[in-house]
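>>> what follows is a predicted protein model with its sequence.
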Amino acid sequence: MKTIFRMQLRTLLFVCCVFVFSTSFADKAAVVSQATLDKVKKASVTIQTTVSQPCSDLFGVGTCSGSGFVVNKNMGIICTNAHIVGRVNVPDNFVITFYNGKKAEAKLLYLDNFWDLAFLKIAPKDMSNDVSQLSFSQANSTKEGDKVFSVSNTELASFSFSEGYVSDIYSIGGSMPQRSYTINSNQVGGASGSAILNTSGSVVGVLYGCGKTYELALNGEYVKYLSQFLSAGKIPVRKHIGAIVYTCSLDDMVKFNKFPEDIASQYMKNNEKSRGKVLFVDSIIPGSPAEGILQPGDILWKVDSHALGADLLSFDTIMNKATSPLKCVVFRDGQCLDLSVPVFDLSNYSIKNIVNFNGARFLEADPILARYKGVPLGSLMCGYVEDGSPFALRGNYTRFCGFSVHEINGVKVKSLEDFLRVAKGLKNSAGFSIRGISRVPFRPWYFITASENFFATVRLGQDNTLDVYNFDSMSCRWIKTSY
């Protein structure tokens, strides 16, 4: 009798467990309603960017297709990725296609290469009445296991539906570090810039990268922060210290870098969702305030008395709000250090002026070029060289590496203004000499760069091109001036 009772009890417990599991799974697997899907489709767009004036090898000549979504219908503001709109280049045009097939030309409203975000603007009159506007989810509401979906231009199949589950909320990825979600879904090229939404249709992130079995989405709080400024007609406040930050295993730091074991044990106990990861300094942007203060390998433990853990979003938020140097508590080789690190305004280093001299594009390095090329922030450099240009100093391979410019005809040039002044005097000359440093990436987007000093002579022809491109924030267009 007892044996039969135990068997019945185990059977009952098994049924209950299956019921609870099935109910939980059913909640997670609840389908997106047709009304929600229709609204998201009407807020989603495909974007085609055309570039004929590339200014770095981060984006070549030609067209790029991606996705985006409407964040402010009344003002005609659309969000997408920076790498969809050309990053550091002078785009010819952006063509927006809505779900109903209507097309409109857009202008670049705001570009944030650090967060890989861009906002385009179209005339409100070009918005159809049935276009929707997406709203954002509450901060910190997305959890591991949550079901999410997107409507994108994956593989150029416009307005394709895809769904998956959040598998990590503390991922860090992208060409520049950004807090991301890892999602077990399957999308490929063309999906970048699409909104990642919860089952209620609220934006939780923006897709920017993917593999065969997963995708990466920028945390939606970044987009929400920028769009609030832009919707108010203001330029977003963006600040940084210049430290490239990722996460590392705290257990490895205990075993191999003398991190205090008792502190690590308490951290792991109190921060299970971080999976034993903490923020650490991977590298420093050359010429940034962090240079000479922070070092690669430093663990960022606290900033302005705020414990960071593995949350890069918190660190980014603190930097944007900073009005004075950050008070950083870091662990370096097991030692706890109190350091003061100044912040700088990212808008001071956004690329707004470009000089095209005989097929070579000269500019002052923004943070992404400074990191990618290994040049000091704000320094003069050549970012791109056309095939056949007299500036192809090492053959056409130069176009894939660029170079810093230090002297022309023995005269030091430190800024784009210096270079333009010298170039005007050389336009009708037979040629000149140049000194600088070549910048050769071993592998694109791996941020490992070799450099060497060089001297070369540049022979000019009879018909020399000297064009200046200035970004006009009022008209949201690049204005060309020829000399």
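The structure has been received and is ready for your questions.

>>> which stretches in this structure count as helices?
Under the criterion DSSP state H, helices of the chain are mapped to 2-28, 34-43, 220-231, 250-256, 261-270, 312-321, 367-373, 416-426.

>>> return the most buried member of those helices.
Sort these by mean neighbour count, taking mean count of other CB atoms under 10 Å, and helix 367-373 sits at the top with a mean of 24. C-betas here are computed from N, CA, C, even on glycine.

>>> among the helices of the chain, which comes closest to Lys107?
helix 220-231 (12.7 Å; CB to CB).

>>> show me what that closest one is packed against.
Secondary-structure packing of helix 220-231 (3 or more CB pairs under 8 Å, 6 or more residues apart in numbering; DSSP states H and E): strand 62-72, strand 77-80, strand 103-112, strand 117-121, strand 203-210, helix 312-321.

>>> can you redo the ones you listed as JSON lines with distance to Asp252 and mean pLDDT?
Below are those laid out as JSON lines (distance: least, CB to CB, whole Å; pLDDT from 0 to 100):
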{"stretch": "strand 62-72", "distance to Asp252": "37", "mean pLDDT": "88"}
{"stretch": "strand 77-80", "distance to Asp252": "37", "mean pLDDT": "96"}
{"stretch": "strand 103-112", "distance to Asp252": "32", "mean pLDDT": "92"}
{"stretch": "strand 117-121", "distance to Asp252": "32", "mean pLDDT": "95"}
{"stretch": "strand 203-210", "distance to Asp252": "25", "mean pLDDT": "92"}
{"stretch": "helix 312-321", "distance to Asp252": "19", "mean pLDDT": "97"}
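
>>> on that earlier part again, wait, which of the helices of the chain is closest to Thr481?
Short answer: helix 416-426, nearest of the helices of the chain by CB to CB, at 10.2 Å.

>>> what's that closest one packed up against?
The contact analysis (3+ CB pairs under 8 Å, 6+ apart) places helix 416-426 against strand 353-357, strand 360-364, strand 380-385, strand 403-408, strand 466-472.

>>> cutoff 7 Å now
The contact analysis (3 or more CB pairs under 7 Å, 6 or more residues apart in numbering; DSSP states H and E) places helix 416-426 against strand 353-357, strand 360-364, strand 466-472.

>>> how far off helix 416-426 does the last one point, in degrees?
Read that as strand 466-472. Orientation check (axes from the mean of the first three to the mean of the last three CA atoms, to 10 degrees): strand 466-472 against helix 416-426 gives 150 degrees.

>>> report the buried residues of strand 466-472.
Buried residues in strand 466-472, counted by 16 or more other CB atoms under 10 Å: 466-469, 471.

>>> what residue ranges in the stretch 51-200 of the chain score low on pLDDT?
In the predicted model of the stretch 51-200 of the chain, residues 57-62, 88, 155-157, 188 satisfy pLDDT under 70.

>>> picking up where we left off before, got JSON lines for the helices and strands packed on helix 220-231, with distance to Leu416 too?
Output for the helices and strands packed on helix 220-231, formatted as JSON lines (distance: least, CB to CB, whole Å):
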{"stretch": "strand 62-72", "distance to Leu416": "26"}
{"stretch": "strand 77-80", "distance to Leu416": "28"}
{"stretch": "strand 103-112", "distance to Leu416": "18"}
{"stretch": "strand 117-121", "distance to Leu416": "23"}
{"stretch": "strand 203-210", "distance to Leu416": "30"}
{"stretch": "helix 312-321", "distance to Leu416": "27"}
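
>>> quick one: closest of these to Gly174.
Of all these, strand 203-210 sits nearest to Gly174, with 6.1 Å by CB to CB.

>>> relative to helix 34-43, how tilted is that closest one?
Using the same axes, to 10 degrees: strand 203-210 against helix 34-43 is 60 degrees.

>>> thought His406 was touching Gly436?
Yes. Counting by CB atoms under 7 Å, His406 does reach Gly436; the two are 5.0 Å apart.
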